[in-house]
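Asks: Predicted structure and sequence below. I'll ask about it afterward.
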Amino acid sequence: MKEERYLTFALGKGRLAHKTLELFEEIGITCEEMKDKSSRKLIFVNEELKLRFFLAKGPDVPTYVELGAADIGVVGKDTILEENRNVHEVIDLGFGKCRMCVCGPEAARELLQHHERIRVASKYPNIAKEYFYNRKHQTVDIIKLNGSVELGPLVELSDVIVDIVETGSTLRENGLTVLEEVCPLSARMIINPVSMQMETERIKDLVLKIRRKLAEKLKSPQ
Amino acid sequence: MSKKLLHTPEGVRDIYGREYARKLYVENKVHEIISSYGYEDIQTPTFEFFDVFSKEIGTTPSKELYKFFDKEGNTLVLRPDFTPSIARCVGKYFMEEKAPIRLNYIGNTFTNTSSLQGKLKEVTQMGVELINDSGVEADAEMISLVIESLKGIGLTSFQVSIGEVEYFKGLCEEAGLDEETELDLRACISGKNYFATEELLSERGVAEPYRSILLKVADMFGNMFSLPEAKAMVKNPRSQAAIERLERLYEVLKLYGAESYISFDLGMLSKYKYYTGIIFKAYTYGVGNAVVTGGRYNSLLSYFGKEAPAVGFVLVIDDILEALSRQKIEIPLPDKKKQLTYKQGDMADFTKKLAEARALRSQGIAVELLLEEAGDCLSGKVK
């Protein structure tokens, strides 16, 4: 039974999936099917190594992995924190580096110094809640937005926002600035706890290969 | 009639027909195996006082408990699992008992989990508790029972992973970690979260060699170390005793012929302080979490006024059924029932058919008596 079973990967759509496949290629795992951009397939298979890949929306990746529909997932740390699912987080893949920050106009910095109630807009209500309640002990009203969160303070929907900051250029262009850092982020590999036990050898092999590759890269950055 | 009445709330469901037959088969089979080890059945109430499942005793966070009030204003809870109830019973009825007590239970449990995550809020759990026996033989009996139960219902590929929380506790003690660090570490390691562990260790300034040892415990993928290696890494007697216990456990499990199904994982810790010795989980394909969890909890009974060692496990019947169907494992269903039809208003015919039915029933054959016209339309009833 063991040999016939596919190991299934759920990859967060977009740049993350791209980078992951690049890395996989370097350790000898390829998926030709996936390179065909015109393909409308949802699941891509590497028959030789018995691997299956599919692309999913970021926040769904931990769900697929937790419920065992995928053995392994690659997704940003932000999603893992926000979704808070029962998965094992085994590798920091090092790419997709950015920070989760509290941002707003400079004038809002004052509001974060007290425990007074403020309004926070975010795509990540759970992360925002955890940060303000448990680390800052500040009362906040959290407003969930689904995109262009920077608008929040601009149209006075909220005092500040909690969002991912990469270069900060969008913030600057709109007169906003990073007020506090919540945590650093990057792409992580997550594994289903059952798969970890049932497919230990295959997963261990893969994880060790990736770790070695990442260590090599760290030593000799191109 | 309102269409709304036909729905069940999210997380609960009706089980009937063939599916229920399969469920009953699994329950009966496992019950048979457990009974053959001398376990006696026990039934506890579906709801109890909140305190029985409180933070110190239970393993379900308060916000996931179904709570309500009785007429006096006491807070009641629908049981999220059985172990605290059984512990309460033992404290109440077996206070003076010194001999081992073997108990077996089955019933539905309730957890108010988050919505839309594909999880049931009411599941059937079956489990055993062995009280007043602190021996390694008792631990082995648990694990052997798990293996025999899973084999008995037709599962072939599954894995029982065994840990010992004392190893970790001894290690934290030796390293001189404060309680908060220990708790945080426990959460990171049980989640196999290598970086969070690494980060936490450097943030709290944990010194070498403990840093590397703890990281090794967290990292199932490093060089997965063997028991002798794990023993050599530590100096404290508590951790060493834990490893010796696992070594002895392995010897006993060999006598049961169970060694091919087990593996050791010292990084297996529970988030809860509850467990005091071995801890184990059984995994199989087709479900996203462990189908069996168990362990030793020697201090739990003291909350109910009895100092006694205890070990036990719980099987989640619904998860096992899911695994069986995902793995396409056939379950022998009961023989098809026989259908006898009689003619409307014909007393003589009915008398004859009734006699026939009673004769068959006394031989243990299921017989359904039907009115002739009804016979055709009912044939599709049982799916």
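Replies: Great, that's in hand.

Asks: quick one, helices of chain B?
Replies: Using DSSP state H, the helices of chain B run over B:17-35, B:83-93, B:136-152, B:165-175, B:179-190, B:194-203, B:210-218, B:227-233, B:237-256, B:317-326, B:347-362, B:374-378.

Asks: Include mean neighbour count when you put those helices into a markdown table, please.
Replies: Quick note: C-beta positions are derived from backbone N, CA and C, even for glycine. Output for the helices of chain B, formatted as a markdown table (neighbours: other CB atoms under 10 Å in any protein chain shown):
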| stretch | mean neighbour count |
| --- | --- |
| helix B:17-35 | 16 |
| helix B:83-93 | 20 |
| helix B:136-152 | 21 |
| helix B:165-175 | 22 |
| helix B:179-190 | 17 |
| helix B:194-203 | 17 |
| helix B:210-218 | 20 |
| helix B:227-233 | 16 |
| helix B:237-256 | 18 |
| helix B:317-326 | 20 |
| helix B:347-362 | 13 |
| helix B:374-378 | 12 |
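
Asks: Out of these, which gets nearest to chain A?
Replies: Minimum separation from chain A across the helices of chain B (CB to the nearest CB) falls at helix B:194-203, 5.2 Å.

Asks: Look up which helix or strand A:V182 falls in, please.
Replies: With the criterion set as DSSP states H and E, the secondary-structure element containing A:V182 is strand A:177-185.

Asks: tilt between that strand and helix B:194-203?
Replies: Regarding strand A:177-185 and helix B:194-203, their directions subtend 110 degrees when assessed with axes from the mean of the first three to the mean of the last three CA atoms, to 10 degrees.

Asks: Around chain A, pick out the residues from the stretch 1-150 of chain B.
Replies: Contact residues, the stretch 1-150 of chain B versus chain A (CB under 8 Å from any CB of the partner chain): B:Q117, B:G118.

Asks: For chain A, what's the nearest residue on the stretch 1-150 of chain B?
Replies: The shortest separation between the stretch 1-150 of chain B and chain A is 5.6 Å, found at B:G118 (distances taken as CB to the nearest CB).

Asks: returning to that earlier point: buried residues in the strand holding A:V182, which are they?
Replies: Of the residues in strand A:177-185, those buried under the neighbour-count criterion (16 or more other CB atoms under 10 Å in any protein chain shown) are A:T177, A:L179, A:E180, A:V182, A:L185.

Asks: Name the SS class of the nearest residue to the fourth one once chain neighbours are set aside, please.
Replies: Spatially, and ignoring its direct neighbours in sequence, A:V182 is nearest to A:M100 (4.1 Å; CB to CB, 6 or more residues apart in numbering or on different chains). Here A:M100 is recorded as strand under DSSP: H, G, I helix; E, B strand; the rest coil.

Asks: Kindly confirm whether my reading is correct that A:M100 touches A:V178.
Replies: No. Using CB atoms under 8 Å, A:M100 makes no contact with A:V178, being 10.4 Å away.

Asks: what is in contact with these two at once?
Replies: A:V165 (CB atoms under 8 Å, 6 or more residues apart in numbering or on different chains).

Asks: Dig out what the residue most central in space within chain B forms beta bridges with.
Replies: For chain B, the residue nearest the mean C-alpha position is B:V314 (2.0 Å; CA atoms, centre = their mean). Each beta-bridge partner of B:V314 is listed here: B:G127, B:T293, as defined by DSSP bridges.

Asks: What is the nearest of the buried residues of strand A:177-185 to B:Y297?
Replies: Ranking the buried residues of strand A:177-185 by separation from B:Y297, with CB to CB as the measure, puts A:V182 on top at 37.0 Å.

Asks: check contacts around the closest one.
Replies: For A:V182, the set of contacting residues under the criterion of CB under 8 Å, 6+ apart consists of A:R99, A:M100, A:C101, A:V102, A:I127, A:Y131, A:V162.

Asks: Tell me how the chain divides into domains.
Replies: Using chain A. A:2-96+A:186-219, A:98-183 (automatic domain parsing).

Asks: Chain B, not that one
Replies: Following automatic domain parsing, one finds the domains of chain B at B:8-326, B:338-378.

Asks: Mean pLDDT lowest where, among the ones you listed?
Replies: Mean pLDDT is lowest for domain B:338-378 out of those, coming in at a mean of 86.

Asks: ok, the residue nearest to A:V182 - contacts?
Replies: By CB under 8 Å, 6+ apart, the contact set of A:M100 is A:78, A:81, A:124, A:127, A:162-165, A:181-185.

Asks: at 6 Å instead, please
Replies: Shown in contact with A:M100 (CB atoms under 6 Å, 6 or more residues apart in numbering or on different chains): A:D78, A:I164, A:V182, A:C183, A:L185.

Asks: ok, so of the residues you listed, who is nearest B:V291?
Replies: Minimum separation from B:V291 among those (CB to CB) is found for A:D78, which lies at 31.6 Å.

Asks: Now the closest one: phi and psi?
Replies: In this entry, A:D78 is assigned phi and psi values of phi -60, psi -40 (degrees, to the nearest 10).

Asks: Isn't it up against A:L185?
Replies: Yes. In terms of CB atoms under 6 Å, A:D78 counts as a neighbour of A:L185; the distance is 5.1 Å.

Asks: Quick check: the residue nearest to the spatial centre of chain A vs B:C89, distance?
Replies: Centroid-nearest residue in chain A: A:G76, 1.1 Å away (criterion: CA atoms, centre = their mean). Computed as CB to CB, to the nearest Å, the A:G76 to B:C89 distance reads 48 Å.

Asks: So what's the residue count around A:L157?
Replies: Burial of A:L157, expressed as a neighbour count using other CB atoms under 10 Å in any protein chain shown, amounts to 14.

Asks: er, B:Y37 I mean
Replies: A total of 15 residues lie near B:Y37 under the criterion other CB under 10 Å.

Asks: now it, nearest residue through space, not along the chain?
Replies: If you skip the residues right next to it in sequence, B:Y37 has B:L145 as its closest partner in space, 6.1 Å away by CB to CB, 6+ apart.

Asks: and if you look at B:D41?
Replies: Setting aside the residues directly before and after it, B:D41 is nearest to B:N104 in space (CB to CB, 6+ apart), at 5.4 Å.

Asks: Could I get the contacting residues of that neighbour?
Replies: With contacts defined as CB under 6 Å, 6+ apart, the neighbours of B:N104 are B:I34, B:Y39, B:D41, B:V128.

Asks: Tabulate the contacts of A:V182 (CSV), appending pLDDT.
Replies: Output for the contacts of A:V182, formatted as CSV (pLDDT from 0 to 100):
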residue, pLDDT
A:R99, 95
A:M100, 96
A:C101, 96
A:V102, 96
A:I127, 95
A:Y131, 94
A:V162, 96
